[in-house]
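# With the input below, show me the fold.
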Amino acid sequence: MAPEQPPIARRDFPTNRRGYDPAAVDAHLEAVAARVAELERRVAGAPPPLSARAGEQVQAIVEAAERGAQDIRAAAEADARERVAKVGEAADRLGARIDELAAEVATLTSDLSARVNRLRDELAAIQAHVPGLEAEPAPPPPAAAPPAAQAPAELPAAPPAGPSRDAGSARIVALEMALSGKPREETERFLAEHYDIPDRDALLDDVYAAARTT
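Numbering: from 1, shown residues only. Purely as a prediction, here's the structure:
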């Protein structure tokens with residue numbers, strides 16, 4: 001099957017015996033058509049022009065830049081999420097520490113309140129026994145006793161006759177001596193000489209503990 005001839009090789013010209021030879025014209029037209037077909041094939045197989053190649057390169061660069069921007073954006077988002085997570089963890093730890101401190105403050109407040117209430121009870125006991133102490137007559141000073149044997153002026157007066165069994169009075173005397181800075185040994189000797197009470201050590205523990213909290 002012969003290849004289809006382009007329009008240049010048409011043979012439908014009217015013939016005239018006075019004109020050119022039809023066979024020669026046909027041959028010339030076929031040669032022109034072959035030449036045109038060859039040129040078309042060359043044009044189809046030729047590389048694209050410089051402008052087209054430049055456009056393709058620019059397109060490739062733009063696509064690469066877009067991919068790079070997407071990668072950078074994804075990395076930034078991942079880093080931001082990580083930072084937010086770290087900040088959230090730090091905030092949680094800080095909140096837990098605040099709760100711990102609040103619990104410690106509440107415990108300290110409760111302990112201080114208990115100590116204050118105990119001091120109030122001690123003061124109430126002192127106030128309850130003060131009138132009785134004021135009503136007791138002071139013992140007469142011994143005439144022949146040397147000054148060294150006399151009780152110190154800052155010590156409370158001892159009961160007039162024999163050791164007293166009044167534990168409340170002993171507590172008040174011990175508290176007064178503790179608050180005035182007397183050592184425990186001196187207070188214990190004074191109580192042993194002038195008061196006959198049980199659990200003297202326990203009483204002194206309570207009194208000096210209360211004195212330290214004031």
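# Report all helices and strands that the helix or strand containing Ala74 contacts.
Mapping Ala74 onto the secondary structure by DSSP states H and E places it in helix 50-135. Applying 3 or more CB pairs under 8 Å, 6 or more residues apart in numbering; DSSP states H and E, one finds that helix 50-135 makes contact with helix 167-179, helix 200-213. In short, each C-beta sits where N, CA and C put it, glycine included.
# what's the helix or strand just after the shortest one in contact with?
Downstream of helix 167-179, the next assigned helix or strand under DSSP H and E is helix 184-194. The set of residues that contact helix 184-194 without belonging to it, under CB atoms under 8 Å, 6 or more residues apart in numbering, is 155, 158-159, 163-164, 170, 173-174, 177-178, 197, 200, 203-204, 207-208.
# returning to that earlier point: I'd like to know the average pLDDT value across the helix holding Ala74.
The average pLDDT for helix 50-135 rounds to 79.
# Also stretch 182-200?
Averaged over stretch 182-200, pLDDT sits at 90.
# List the buried residues for it?
Going by neighbour count (16 or more other CB atoms under 10 Å), the buried part of stretch 182-200 is 182, 184, 187-188, 190-191, 194-195, 197, 200.
# From these, pick the one nearest Ala125.
Minimum separation from Ala125 among the buried residues of stretch 182-200 (CB to CB) is found for Ile197, which lies at 14.5 Å.
# picking that back up, so which of the helices and strands packed on helix 50-135 is the most surrounded?
Across these, averaging neighbours per residue (mean count of other CB atoms under 10 Å) puts helix 167-179 on top, at a mean of 21.
# that older thread, name the nearest of the buried residues of stretch 182-200 relative to Asp111.
Sorting the buried residues of stretch 182-200 by how near they are to Asp111, with CB to CB, puts Arg184 at the top with 23.7 Å.
# Could you check how far the closest one is from Ala192?
Between Arg184 and Ala192 the distance is 12 Å, computed by CB to CB, to the nearest Å.
# cool, and Arg73?
Relative to Ala192, Arg73 is positioned 88 Å away (CB to CB).
# Please apply the same query to Ile61.
Counting by CB to CB, the separation of Ile61 from Ala192 is 104 Å.
# How about Ala69?
Following CB to CB, the distance that separates Ala69 from Ala192 is 94 Å.
# before we move on, the earlier item: may I see the helices and strands packed on helix 50-135 arranged in JSON lines, with distance to Ala65 as well?
Putting the helices and strands packed on helix 50-135 into JSON lines (distance: least, CB to CB, whole Å) gives the following:
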{"stretch": "helix 167-179", "distance to Ala65": "86"}
{"stretch": "helix 200-213", "distance to Ala65": "76"}
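# Understood, closing this out.
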